[in-house]
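>>> Below is the structure, and that's it, no one-letter string:
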């Protein structure tokens with residue numbers, strides 16, 4: 001079977017590789033948010049879901065020449081419950097991993113107005129109004145020496161988030177970062193309370209995904225006045241978002257998903273054949289953004305793992321993507337994963353959505369990429 005798989009890989013080298021797992025489409029028709037949602041679901045996949053700043057650049061590129069605003073797939077309704085999120089894309093909030101100060105969160109005495117979080121000198125969490133200016137802590141993803149920066153200019157939570165994204169990566173997010181010993185090193189014993197990247201709101205994406213990315217403009221009363229509204233991206237404001245009555249008629253942006261979860265249980269080789277017969281290929285994951293998009297899909301799988309397009313070539317002793325992409329980005333549960341004969345890569349559908357080697361004969365759901 002090993003040689004037949006190698007032949008499949010060689011055949012795949014002539015295939016077109018689409019590096020985008022989803023595409024945006026600007027629709028220059030004036031519709032209400034609900035009408036726009038219906039149109040996108042009929043013609044494409046759904047109203048645009050925005051996952052990170054790279055997506056914002058893509059939205060701005062397709063809106064070139066339009067000096068107005070357009071609907072995206074974010075909506076808030078009074079029936080939606082407030083949910084905690086981390087500002088940094090890809091970091092998921094867990095109720096079992098918190099560090100609340102005693103008596104917190106108290107929501108301002110149940111006034112429903114404390115939707116952002118600050119930390120004290122001991123890094124304990126305290127819910128606070130998003131509009132209260134405070135110091136804040138930024139996270140720098142690209143610098144391993146100076147990851148964290150305490151900014152002593154007092155800003156609102158939204159202004160702090162914008163500053164961190166423009167000058168670093170984002171507000172510090174997740175218990176892993178906050179428990180890093182390097183954070184305490186940047187805390188000044190004389191410093192006041194500091195914003196971190198934890199917030200809650202009632203906004204939800206049209207496609208029911210749980211992405212936490214928000215890009216509100218600085219004039220927006222974030223996030224306390226967000227009931228019964230829909231979000232638009234404003235092109236002449238750098239694509240920043242504002243909340244608008246959903247019954248207004250505006251252009252809109254759809255997205256087209258280029259991957260699909262197949263809820264059929266197949267061996268890895270049968271999954272590969274199915275994807276190539278019906279779509280394009282088993283999915284390739286080349287970066288963290290791809291990983292975040294795929295892990296949102298696998299949450300709906302019916303098996304504990306899903307097959308991806310990663311296979312171990314025993315005769316050559318290395319992992320390969322069926323699309324012939326280089327294996328540069330990795331998300332193995334155990335670093336330096338070595339394979340065995342007849343094993344392939346699978347992503348866990350829960351937990352941290354890490355990659356595991358599994359026997360090719362195991363039966364799992366799988367993710368196909370589309371042309």
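Cool, the structure landed. Quick caveat, the model's predicted, so the values are computed rather than measured.

>>> the bottom helix or strand of the chain by mean pLDDT?
helix 2-12 (a mean of 44; mean pLDDT, DSSP states H and E).

>>> which strands and helices sit next to the helix or strand following it?
Following helix 2-12 in sequence order, the next helix or strand is strand 22-31 (DSSP states H and E). Applying 3 or more CB pairs under 8 Å, 6 or more residues apart in numbering; DSSP states H and E, we find strand 22-31 packed against helix 33-43, helix 53-62, strand 250-257. No exception for glycine: its C-beta is placed from N, CA and C like everyone else's.

>>> what's the most buried one of these?
Comparing the helices and strands packed on strand 22-31 by mean neighbour count (mean count of other CB atoms under 10 Å), strand 250-257 ranks first with a mean of 21.

>>> Residues touching it, excluding its own?
The contact list for strand 250-257, computed with CB atoms under 8 Å, 6 or more residues apart in numbering, reads 21-31, 33, 36, 39-40, 43-49, 59, 62-63, 66, 68-73, 232-233, 244, 370.

>>> Include distance to residue 228 and mean pLDDT when you put the helices and strands packed on strand 22-31 into TSV, please.
Converted to TSV, the helices and strands packed on strand 22-31 look like this (distance: least, CB to CB, whole Å; pLDDT from 0 to 100):
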stretch	distance to residue 228	mean pLDDT
helix 33-43	11	98
helix 53-62	24	91
strand 250-257	17	97
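
>>> Tell me where this protein has helices.
2-12, 33-43, 53-62, 107-110, 157-167, 175-178, 181-186, 268-278, 288-298 (DSSP state H).

>>> and the second one, how far out from the chain's middle?
Here helix 33-43 shows a centroid-to-chain-centroid distance of 22 Å under the convention CA atoms, centre = their mean, to the nearest Å.

>>> so it versus strand 22-31, what angle?
130 degrees (axes from the mean of the first three to the mean of the last three CA atoms, to 10 degrees).

>>> what's the answer for the last one, then?
Our comparison of helix 288-298 with strand 22-31, counting by the same axes, to 10 degrees, yields an angle of 70 degrees.

>>> how's this structure carved up into domains?
2-20+258-369, 22-74+223-253, 83-201 (automatic domain parsing).

>>> distance between the second one and the chain's centre?
Spelled out, it's domain 22-74+223-253. The mean C-alpha position of domain 22-74+223-253 is separated from the chain mean by 17 Å, CA atoms, centre = their mean.

>>> of all the helices and strands packed on strand 22-31, which lies closest to residue 182?
helix 53-62 (24.0 Å; CB to CB).

>>> Quick one: list the elements packing against the closest one.
Against helix 53-62 (3+ CB pairs under 8 Å, 6+ apart) you get strand 22-31.

>>> Excluding residues flanking it in the chain, which one is nearest residue 118?
residue 193 (4.2 Å; CB to CB, 6 or more residues apart in numbering).

>>> Now do that neighbour: how many residues are near it, please.
Neighbours of residue 193 under the rule other CB atoms under 10 Å: 17.

>>> give the contact list for it.
Residue 193 makes contact with 118, 119, 120, 126, 128, 134, 135, according to CB under 8 Å, 6+ apart.

>>> what's the distance between the nearest residue in space to residue 26 that is not next to it in sequence and residue 100?
Once flanking residues are discounted, residue 26 sits nearest to residue 62: 4.7 Å by CB to CB, 6+ apart. Distance, residue 62 to residue 100, using CB to CB, to the nearest Å: 42 Å.

>>> Repeat that for residue 229.
29 Å.

>>> which regions of the stretch 251-371 of the chain lie under the pLDDT threshold?
Along the stretch 251-371 of the chain, segments meeting pLDDT under 70 span 336, 339.

>>> nearest spatial neighbour of residue 220, skipping sequence neighbours?
residue 242 (6.0 Å).

>>> Restrict the contacts of strand 250-257 to the buried ones and give me that as a PyMOL selection.
Buried subset of the contacts of strand 250-257, written as a PyMOL selection, criterion 16 or more other CB atoms under 10 Å:
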select buried, resi 21+22+24+26+27+31+33+36+39+40+44+45+46+47+48+49+59+63+69+70+71+72+73+232+233+244+370
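
>>> quick revisit: out of the helices of the chain, flag the one nearest residue 202.
helix 107-110 (13.7 Å).

>>> residues making contact with the closest one?
So helix 107-110 is contacted by 113, 114, 127, 129 (CB under 8 Å, 6+ apart).

>>> quick one: contacts for the nearest residue to residue 150 once chain neighbours are set aside?
Closest residue to residue 150 apart from its sequence neighbours, by CB to CB, 6+ apart: residue 186 at 4.7 Å. For residue 186, the contacting residues are 137, 148, 149, 150, taking CB under 8 Å, 6+ apart as the criterion.

>>> Quick check: residue 45 touching residue 207?
Yes. Taking contacts as CB atoms under 8 Å, residue 45 lies within contact range of residue 207: 7.1 Å.

>>> pretty sure residue 98 is touching residue 125, no?
Yes. At 6.7 Å, residue 98 counts as touching residue 125 under the criterion of CB under 8 Å.

>>> The two: who's more crowded?
residue 125 (19 against 14).

>>> measure the more buried one to residue 196 for me?
7 Å.

>>> what touches both of these two?
Joint contacts of residue 125 and residue 196 (CB under 8 Å, 6+ apart) are 117, 118, 119.

>>> Specify which member of the residues you listed is nearest to residue 358.
residue 117 (38.8 Å).

>>> Can you tell me the closest non-neighbouring residue to that closest one?
residue 198 (3.9 Å).

>>> quick one: low-confidence ranges for the stretch 101-250 of the chain?
110-112, 189-191, 221-227.

>>> so where do the strands sit in it?
116-119, 125-128, 134-139, 148-155, 170-171, 194-201, 203-205, 229-234, 241-244, 250-257 (DSSP state E, counting those that start in this stretch).
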